[in-house]
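Enquirer: Sequence first, predicted coordinates after that:
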Amino acid sequence: MESSIGQTIKRLQRALQRRGVSREDSEDLIQEAYQRLEIYRRDKPVDHAEGFLVRTAINLSIDAVRKRRRANHADEPIESHIIVDESPLPDEVYASRRRLDRLNEGFAALDPITRQMIRAQRMEGLSVAAIAAQHRLSMSAVEKRLAKGILFLVNWMEGW
């Protein structure tokens, strides 16, 4: 009987180690499985003790893994999970919209040709030479219009 128990323990250890359980943990799980077998036998007969032990030890190993996973999450304070909201505050959004409205008003106050030139340079990425060719003006004339238009918008937006 002694050798039978020793062989059963070895088989249980191998079964648990195949599932990634360390030798020390497998010994604890086997001891717990034996305790549960003895408690179960008080009320009901067990026909296949080794099968009961294997199933119990494997279930205990699964429970231990689940418990460790839960414990890892439970040990971390909620403060360690900082979620940063990168979006602007409502008052910043409101102020930005007001500045954009003000800029659009200033843009509308420009003469149409200067407005087209600034839009072509700033938004469409055209060069001064391309804008000059498009409007059949000299580069110098386009540069002056752009400079005056930008200066007007800078002054228009001052304080906003």
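Expert: Noted; the coordinates are in hand.

Enquirer: what about the protein, any weak spots by pLDDT?
Expert: Along the chain, segments meeting pLDDT under 70 span 1-3, 72-79, 81.

Enquirer: The helix or strand containing Arg66 packs against which elements?
Expert: Using DSSP states H and E, Arg66 sits within helix 49-74. Helices and strands touching helix 49-74, by 3 or more Cβ pairs under 8 Å, 6 or more residues apart in numbering; DSSP states H and E, are helix 2-18, helix 23-43. (Each C-beta comes from the backbone N, C-alpha and C, glycine too.)

Enquirer: Make CSV out of those helices and add mean neighbour count.
Expert: Below are these laid out as CSV (neighbours: other Cβ atoms under 10 Å):
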stretch, mean neighbour count
helix 2-18, 13
helix 23-43, 14
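
Enquirer: Is it possible to get CSV of those that adds distance to Leu146?
Expert: Output for the helices and strands packed on helix 49-74, formatted as CSV (distance: least, Cβ to Cβ, whole Å):
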stretch, distance to Leu146
helix 2-18, 77
helix 23-43, 76
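
Enquirer: Relative to Gln134, which of the ones you listed is closest?
Expert: Checking these against Gln134 by Cβ to Cβ gives helix 2-18 as the closest, at 76.9 Å.

Enquirer: Can you spell out which helices and strands pack onto that closest one?
Expert: For helix 2-18, the packing partners by 3+ Cβ pairs under 8 Å, 6+ apart come out as helix 23-43, helix 49-74.

Enquirer: nearest to Arg102, of the ones you listed?
Expert: Nearest to Arg102 among the helices and strands packed on helix 2-18 is helix 49-74 (49.9 Å), distances taken as Cβ to Cβ.

Enquirer: After the closest one, which helix or strand is next? Please name it.
Expert: Scanning forward in sequence from helix 49-74 by DSSP H and E, the next helix or strand is helix 90-109.

Enquirer: thought Leu103 was touching Val154?
Expert: No - counting by Cβ atoms under 8 Å, Leu103 sits too far from Val154 to count as a contact (10.5 Å).
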